[in-house]
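Engineer: Pasting the sequence and the predicted coordinates here, then a few questions.
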Amino acid sequence: MPEGSGKICPAAKKCGGCQYQGMPYERQLKKKQERTEKLLKPFCTVYPITGMEKPYHYRNKVHAVFDRLKNGTVISGVYEEGTHRVVPVTSCLIEDEKADAVINDIRGLVKSFKIKIYNEDTGYGLLRHVLIRRGFSTGELMVVLVLGSPVLPSKNNFVKALRKLHPEITTIVVNVNDKKTSMVLGDRETVIYGKGYIEDVLCGRTFRISPKSFYQVNPVQTEKLYGKAIELAGLTGKERVIDAYCGIGTIGICAADQAAEVIGVELNRDAVRDAVRNAKRNQVKNISFHCADAGKFMVQMAARGEHADVVFMDPPRNGSDENFMRSVVKLGPKRIVYISCNPETQARDLKFLTSHGYRARGVYPYDCFPFTGHTETVCLLSNRKPDTMISLY
Ligand code: SAH
């Protein structure tokens, strides 16, 4: 039985991260099911949402913004919703507990090492954010210190002290963000300990993840989601497959042994570099990765008259674009497997695809983000052309 939620978070009101704070888990799932149905049922059947057994501490990526109160106390936490005021957070119901413990200890070290906290208004000071990533399967732990300028005084001693408190830390990276921006990470990075990335195991494959690469935050649910996505693709070993918005190549690499060829496309350079290494690491030889805007890449593929049998698409929250979808329609794959973290933009994109020769065959929601209002979905679409009709699942 999934656990209910008697737990209450002290930061809940101000943090705004958990819209479903205090609500029993079964009820959260019901609400997500209803919302997904409202948006996607007009296109096809929406199957029951897959929830978590233990919907706590699932986030493998934790971000904390640092601030200094007038009395000198160093705090870390999240921005109060819609503001730049920092709400202190020392523990969180959904974040990885190890990550929270590391952040709490960094707060202590900042004081003893007299590291100045960055002031957003004046631009003075050093430490802005800390980002932690943890490989749930491997236990590897990455700490990214986001600084307003490149030099961390007493760097070696700081690393030593932090690793003494947390020997499980496998890599520490300094990221420089000297801009007035709401983006957490800047462009420049220096590895000050370890290899500069962590590895995690997903669906039996090992993936390296760099600080700026996208990786699903809830690996337990992601395995189920990818399993369904690959099942829906109905691969037989003969297909030419596109993995669009591929990140570090997870879906394509997991599907490659059931396809003839996989082509991955992704905009983020670091993620593409990870994807290439991930293919090698897992001895997948029938996959290639391209660093490009997925829409532009697809336009070029369509213009060259290329074909694809299956397209996986997994765009960011704002969904895909018309460039991309027009080209998918031109390429005419038998199946499109559309994975989305935002059913609203997925509904918009399904509207386009279903009025351009595709039929939605089923939506499968997954609760990858318990206690928040977000839902992940995977939708199968098939080409309406008679020669490519597929049997119903
Ligand atoms: N399929 C991957 C990543 C999904 S997240 C996984 O499951 O892990 C969406 C990805 O789309 C991110 O990696 C992001 O960098 C990438 N992206 C965003 N806009 C893009 C664009 N216009 N073209 C290609 N990739 C894009």
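Structural biologist: Noted; the coordinates are in hand.
Engineer: which residue sits closest to the residue of the chain found nearest the ligand, ignoring its sequence neighbours?
Structural biologist: Ranking the residues of the chain by distance to the ligand (C-beta to the nearest ligand atom) places residue 247 first, at 2.9 Å. No exception for glycine: its C-beta is placed from N, CA and C like everyone else's. The shortest distance from residue 247 to any non-neighbouring residue, by C-beta to C-beta, 6 or more residues apart in numbering, is to residue 214 (4.4 Å).
Engineer: That neighbour contacts residue 250, correct?
Structural biologist: No: distance between residue 214 and residue 250: 9.5 Å, which falls outside the contact criterion (C-beta atoms under 8 Å).
Engineer: Compare these two (neighbour count), which wins?
Structural biologist: Set side by side, residue 214 and residue 250 show more neighbours around residue 250, with 26 against 19, by other C-beta atoms under 10 Å.
Engineer: Test my guess that that one contacts residue 225.
Structural biologist: No: here residue 250 does not reach residue 225: they are 10.4 Å apart, not a contact under C-beta under 8 Å.
Engineer: now the strands: where do they sit in the stretch 1-150 of the chain?
Structural biologist: Assigned by DSSP state E, counting those that start in this stretch, the strands in the stretch 1-150 of the chain fall at 61-68, 74-79, 86-88, 127-134, 141-147.
Engineer: Pull up the pairing partners for the first one, direction included.
Structural biologist: Strand 61-68 has the following strand partners under DSSP bridges: strand 74-79 (antiparallel), strand 127-134 (antiparallel).
Engineer: Just give me how far it sits from the chain centre.
Structural biologist: 18 Å (C-alpha atoms, centre = their mean, to the nearest Å).
Engineer: Run through the residues of the stretch 201-350 of the chain sitting next to the ligand.
Structural biologist: 214-216, 245-247, 250-251, 265-268, 271, 293-294, 314-316 (C-beta under 6 Å from any ligand atom).
Engineer: which among these end up buried?
Structural biologist: Buried subset of those (neighbour count, 16 or more other C-beta atoms under 10 Å): 214-216, 245-247, 250-251, 265-268, 271, 294, 314-315.
Engineer: Output stretch 333-345 in CSV with nothing but the alpha carbons.
Structural biologist: Listed next in CSV are the C-alpha coordinates belonging to stretch 333-345 (Å, rounded to 0.1, in the frame of the first residue of the first chain):
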residue,chain,number,x,y,z
PRO,A,333,7.0,7.2,-38.8
LYS,A,334,4.6,4.4,-38.0
ARG,A,335,4.7,5.3,-34.4
ILE,A,336,5.4,8.3,-32.3
VAL,A,337,6.0,7.8,-28.6
TYR,A,338,5.6,11.2,-26.9
ILE,A,339,6.9,11.5,-23.4
SER,A,340,6.0,14.7,-21.6
CYS,A,341,6.3,16.3,-18.2
ASN,A,342,3.5,18.8,-19.0
PRO,A,343,0.1,17.4,-20.1
GLU,A,344,-0.9,21.0,-21.1
THR,A,345,1.7,21.3,-23.8
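Engineer: Can you point out the buried residues in that stretch?
Structural biologist: Buried, per 16+ other C-beta under 10 Å, within stretch 333-345: 333-343, 345.
Engineer: wait, isn't residue 279 in contact with residue 253?
Structural biologist: Yes: with contacts counted by C-beta under 8 Å, residue 279 reaches residue 253, the gap being 6.0 Å.
Engineer: When these two are compared, which one has more neighbours?
Structural biologist: More neighbours surround residue 253 than the other of residue 279 and residue 253, with 26 against 22 (other C-beta under 10 Å).
Engineer: State the distance from that one to residue 285.
Structural biologist: As judged by C-beta to C-beta, to the nearest Å, residue 253 and residue 285 stand 11 Å apart.
Engineer: Could you do residue 277 as well?
Structural biologist: Applying C-beta to C-beta, the value for residue 277 to residue 285 is 14 Å.
Engineer: Neighbour count for the two, which is higher?
Structural biologist: More crowded of residue 277 and residue 285, by other C-beta under 10 Å: residue 277, with 16 against 9.
Engineer: That one belongs to a strand?
Structural biologist: No: if the criterion is DSSP: H, G, I helix; E, B strand; the rest coil, then residue 277 is helix and not within a strand.
Engineer: Contacts made by stretch 292-301 with the rest, please.
Structural biologist: Residues outside stretch 292-301 that contact it (C-beta atoms under 8 Å, 6 or more residues apart in numbering) are 242, 244-245, 265-267, 290, 308, 313, 315, 320-324, 326-328, 331.
Engineer: Can you turn the buried part of those into a ChimeraX selection?
Structural biologist: ChimeraX command restricting the contacts of stretch 292-301 to the buried ones, with burial defined by 16+ other C-beta under 10 Å:
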select :242,244,245,265,266,267,308,313,315,320,321,323,324,326,327,328,331
